[in-house]
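In: Structure, please.
(2 chains)
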2 protein chains.
Amino acid sequence: MEKSSISIQLTSSKKPKPQSDELAFGRVFTDHMFVMDYSVEENWHSPRIVPYQAIAMEPAAMVYHYGQTVFEGLKAYLTKEGKVLLFRPEKNMERLNKSNDRLCIPRVDEEFVLEALKQLITVDKEWIPEKEGTSLYIRPFIISTESYLGVAPSKTYKLIIILSPVGSYYKEGIAPVKIAVESEFVRAVAGGTGTAKTAGNYASSLKAQEVAEASGFSQVLWLDGLEKKYIEEVGSMNIFFKINGEIITPALNGSILEGVTRNSVLQLLKHWGLPVTERKISVEEIAEAHKEGKLEEAFGTGTAAVISPVGELIWKNESLVINNGETGPISKKLYSTITSIQRGDQSDEFGWTTEVSTVEKEKVN
Amino acid sequence: MEKSSISIQLTSSKKPKPQSDELAFGRVFTDHMFVMDYSVEENWHSPRIVPYQAIAMEPAAMVYHYGQTVFEGLKAYLTKEGKVLLFRPEKNMERLNKSNDRLCIPRVDEEFVLEALKQLITVDKEWIPEKEGTSLYIRPFIISTESYLGVAPSKTYKLIIILSPVGSYYKEGIAPVKIAVESEFVRAVAGGTGTAKTAGNYASSLKAQEVAEASGFSQVLWLDGLEKKYIEEVGSMNIFFKINGEIITPALNGSILEGVTRNSVLQLLKHWGLPVTERKISVEEIAEAHKEGKLEEAFGTGTAAVISPVGELIWKNESLVINNGETGPISKKLYSTITSIQRGDQSDEFGWTTEVSTVEKEKVN
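Out: So this is what the prediction gives:
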């Protein structure tokens, strides 16, 4: 599809924009959205930017019953010079198609969807918040829309992109969290859908999160579904540990999501000449390292928080305090480097950012 | 909630009803549906029967992103005397709440939802097909409706019941199918959502089914996610094997769905004095039994097909033909007994059926 084929219908009633310091995550949406349909006969067609609006589907639409859906999450940042930057969006497009493959959803033209996303951001550019730590969260997702109760891949789909101005993940600066090692519930297993960004993985995670929160923990540390021994992810982030100078993250094993931030962190650490390893790592090894005073840092990585330091791990009723419950130097350096690149405050030597368009600089509180 | 609290808004334009012999599965829906909303403040409220119609939700509605949803499937049957029978509907209501617990969805009042379901069927009773093997498929489902992109349980939900007249699963009589043992993809694992009737389990199963169909198989036989050794389910049905006179089905292990038909089959077999065991059973044991000529029958059980005989299993490129590829005597007897009870043709000594209302008998082709 050609870039020019995206039709644009602008809203006649713009919504009021929230103040930068009132922004939460994913509650407020911009004035427009992008929609594109799929049918077997017409493939992906009718790409259009329309006012943000409810979508009406029959109650028998397959997405309500069999969860055949995928999504992505990325952010647009406003630089001090008023430029709009995307951070490695081609990685998200690539992963969207990987998820599509696993979920039997027809592939999309990655370049075209990226172009659509840029056009949508341009239309709603006034919605990008300016304050440090804020950004425009971008949610592309695909839902199965066929009205049919048979268990089979849908014959029709909608790809939708919505935008949400989001506040700083850390209201009071980057801060460590308390994490419970999950020993009952399982997020994913090899041969399942763990590597895909699909609804079911998140639905499955809610119960463990609910139990953890009720006990005063922020998130759960997921162990592998087979032996419940090896570390997989933390909440919906990837995880890294620094043990005796070496930085270790679980290797991609068929049930771990291939995070864009995870990949960026790996590249940065290597670039800085730090010893970094992707391998299987057991919770026993972590506890052992802690006992020996060698567990120096732990942090999650993801689009929302960028870097989320872990201050305390709870495993079998034992508390493993990490770095005195404070944010470690590697976590700090990674956070400041990545966010600086994302916001255009630091030179982008990896070529990670993509400029969208120029936004007239407005004074935002 | 009281029975009388269900408001009823009838359609002003009834749809044409399909012919009994043209019915497929889950493509045609009746004139009305039941809807009920949940909010934290009002709990489940506003139960209503309304014309079958599209539902409109914001694109940020949680069901589209995180798959927090559950469903049930059961059938209503028209007897020769014009009575409408439900088959063990209380088991479905009970399981709906079990699924709700796993998915962090607020529980429903089982008796009330069953009453709602009966009222809906009564309103659309003319839609129940009469021909042998046909029935009215009932799909209650709950979707998370909050407009929020945070990964957390939704604060609002909709419970919807839709009805679909369905044809005979076996157009030409009960017939055995060819099944591939799945060795790559996994449906569920203990600690996951396998015991819940939730969207993600079905989304996850599509890929294996697609691969199996492309190779000429009807369904896949799922092995356990841990060792890929023990048998779990077949397609979206439970499975039974008859080996050397003993009937064996995988024990409920935390990843297998507790099927209503499975439970009914177990009760019937015991009632008939046949040796029946719920235990772990490996695919190696099945192959060994086949080699020794002791694998006498295999069949799936589920609401759609009732009994689905397995005529051939493919494992590691080897073909295991069962009972000469023909429907075995136990499969036949179970199918005829259960369908006879469901249709009121045989005395219901287990108290499995519930009468809904009396439908004026119409001559249907």
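In: C-alpha from now on. contacts and neighbour counts both.
Out: Noted.
In: Do you have the strands of the stretch 251-365 of chain A handy? List them.
Out: Here the stretch 251-365 of chain A has its strands, by DSSP state E, counting those that start in this stretch, at A:276-278, A:295-302, A:306-315, A:318-321, A:353-358.
In: quick one: the third one to strand A:295-302, angle?
Out: To tie it back to what came earlier, the one meant is strand A:306-315. 130 degrees (axes from the mean of the first three to the mean of the last three CA atoms, to 10 degrees).
In: Could you give the separation of strand A:306-315 from the chain centroid?
Out: 18 Å (CA atoms, centre = their mean, to the nearest Å).
In: so where's chain A shaky on pLDDT?
Out: Along chain A, the parts satisfying pLDDT under 70 run over A:1-4, A:172, A:358-365.
In: Which residue would be the closest one in the stretch 251-365 of chain A to chain B?
Out: The minimum distance from the stretch 251-365 of chain A to chain B, using CA to the nearest CA, falls at A:Ala304 (10.0 Å).
In: Show the contacting residues for that residue.
Out: Neighbouring residues of A:Ala304 by CA atoms under 8 Å, 6 or more residues apart in numbering or on different chains: A:Tyr169.
In: One more: the one 10 residues further on?
Out: For A:Ile314, the contact set (CA under 8 Å, 6+ apart) comprises A:Lys178, A:Ile179, A:Ala180, A:Val181, A:Leu320.
In: other SSEs contacting the helix or strand where the third one lies?
Out: The one in question is A:Ala180. Using DSSP states H and E, A:Ala180 sits within strand A:177-181. If you count contacts as 3 or more CA pairs under 8 Å, 6 or more residues apart in numbering or on different chains; DSSP states H and E, strand A:177-181 packs onto strand A:219-223, strand A:306-315.
In: beta partners of the nearest residue to A:Lys316 once chain neighbours are set aside?
Out: Distances taken as CA to CA, 6 or more residues apart in numbering or on different chains put A:Val181 closest to A:Lys316, at 8.0 Å, once the chain neighbours are dropped. For A:Val181, the beta-bridge partners are A:Leu221 (DSSP bridges).
In: follow-up on the earlier one: tell me which of the contacts of A:Ile314 is nearest to chain B?
Out: Out of the contacts of A:Ile314, the member with the shortest distance to chain B (by CA to the nearest CA) is A:Val181, at 13.8 Å.
In: What distance do you get for the closest one to A:Glu292?
Out: Distance of A:Val181 to A:Glu292, computed by CA to CA, to the nearest Å: 20 Å.
In: Next: A:Val50.
Out: Using CA to CA, A:Val50 is found at 58 Å from A:Glu292.
In: higher neighbour count, these two?
Out: Applying other CA atoms under 10 Å in any protein chain shown to A:Val50 and A:Glu292 shows that A:Val50 carries more neighbours, namely 17 against 10.
In: same for the helix or strand hosting the more buried one, what does it pack against?
Out: A:Val50 is part of strand A:43-51, with elements assigned from DSSP H and E. Strand A:43-51 sits against strand A:7-8, strand A:32-39, with contacts defined as 3+ CA pairs under 8 Å, 6+ apart.
In: now for the next helix or strand after that strand, which elements pack on it?
Out: Per DSSP H and E, strand A:43-51 leads on to strand A:55-57 as the next helix or strand towards the C-terminus. Secondary-structure packing of strand A:55-57 (3+ CA pairs under 8 Å, 6+ apart): strand B:55-57.
In: what's the strand it packs on in contact with?
Out: A:Ala54, A:Ile55, A:Ala56, A:Met57, A:Glu58, A:Pro59, B:Thr145.
In: Show the buried residues in the residues you listed.
Out: A:Met57, A:Glu58, A:Pro59, B:Thr145 (16 or more other CA atoms under 10 Å in any protein chain shown).
In: Please identify which of the residues you listed is nearest to A:Lys171.
Out: B:Thr145 (27.7 Å; CA to CA).
In: so what's that closest one up against?
Out: Counted by CA under 8 Å, 6+ apart, B:Thr145 has contacts B:Met57, B:Ala61, B:Met62, B:Val63, B:Ser154, B:Lys155, B:Thr156, B:Tyr157, B:Lys158.
In: Please, where are all the helices along the stretch 51-200 of chain A?
Out: With DSSP state H, counting those that start in this stretch as the criterion, the stretch 51-200 of chain A has helices at A:63-66, A:89-102, A:110-123, A:199-214.
In: Beta-bridge partners for the closest residue to A:Thr69 other than its chain neighbours, please?
Out: Nearest residue to A:Thr69, sequence neighbours excluded (CA to CA, 6+ apart): A:Ile143, at 4.7 Å. Beta-bridge partners for A:Ile143, by DSSP bridges, are A:Thr69, A:Lys158.
In: was I right about A:Ile143 contacting A:Tyr64?
Out: No: with contact defined as CA atoms under 8 Å, A:Ile143 does not reach A:Tyr64; the gap is 9.3 Å.
In: neighbour-wise, which of those two wins?
Out: Counted by other CA under 10 Å, A:Ile143 and A:Tyr64 do not tie: A:Tyr64 has more neighbours, with 30 against 26.
In: distance of that one from chain B?
Out: In this view, A:Tyr64 and chain B are 7 Å apart by CA to the nearest CA, to the nearest Å.
In: Next, give phi and psi for A:Asp224.
Out: The phi/psi pair for A:Asp224 (degrees, to the nearest 10) reads phi -60, psi 150.
In: Next up, the contacts around the nearest residue in space to it that is not next to it in sequence.
Out: Counting by CA to CA, 6+ apart, the nearest residue to A:Asp224 once its immediate chain neighbours are dropped is A:Tyr230, at 5.3 Å. Counting by CA under 8 Å, 6+ apart, A:Tyr230 makes contact with A:Leu223, A:Asp224, A:Lys280, A:Ile281, A:Ser282, A:Val283.
In: now A:Lys17
Out: Taking CA under 8 Å, 6+ apart as the test, what A:Lys17 contacts is A:Trp127.
In: circling back to that earlier point, for the residue nearest to A:Lys316, grab the count of nearby residues.
Out: 20.
In: In terms of residue numbering, what are the domains of chain A?
Out: A:3-169+A:347-358, A:177-326 (automatic domain parsing).
In: Quick check: the closest residue to A:Leu159 other than its chain neighbours vs A:Pro106, distance?
Out: In this structure, A:Leu159 finds its nearest non-sequential neighbour in A:Ile142, 4.3 Å apart by CA to CA, 6+ apart. According to CA to CA, A:Ile142 and A:Pro106 sit 10 Å apart.
In: tell me the SS of A:Phe25?
Out: Three-state call for A:Phe25 (DSSP: H, G, I helix; E, B strand; the rest coil): coil.
In: In contact with it: list those residues for me.
Out: A:Phe25 neighbours (CA under 8 Å, 6+ apart): A:Ser164, A:Pro165, A:Val166, A:Gly167, B:Leu149, B:Gly150.
In: What's the ChimeraX line that selects buried ones from these?
Out: Buried members of these, defined by 16+ other CA under 10 Å, are picked up in ChimeraX with:
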select /A:164,165,166,167 /B:149
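In: In strands only, show me the contacts of A:Phe25.
Out: Those of these mapping onto strands are A:Ser164, A:Pro165, A:Val166, per DSSP state E.
In: The first one is in contact with A:Tyr137, isn't it?
Out: Yes: between A:Ser164 and A:Tyr137 a contact is recorded at 5.0 Å, counting by CA under 8 Å.
In: May I ask which two of the buried ones among the contacts of strand B:55-57 are separated the most?
Out: Across the buried ones among the contacts of strand B:55-57 (CA to CA), the longest gap, 14.8 Å, separates A:Glu58 and B:Thr145.
In: Name all residues that make contact with A:Leu226.
Out: A:Val189, B:Gly225, B:Leu226, B:Glu227.
In: Take these and lay them out in TSV including distance to B:Asn100 and secondary structure.
Out: Output for these, formatted as TSV (distance: CA to CA, whole Å; DSSP: H, G, I helix; E, B strand; the rest coil):
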residue	distance to B:Asn100	secondary structure
A:Val189	22	coil
B:Gly225	23	coil
B:Leu226	25	coil
B:Glu227	28	coil
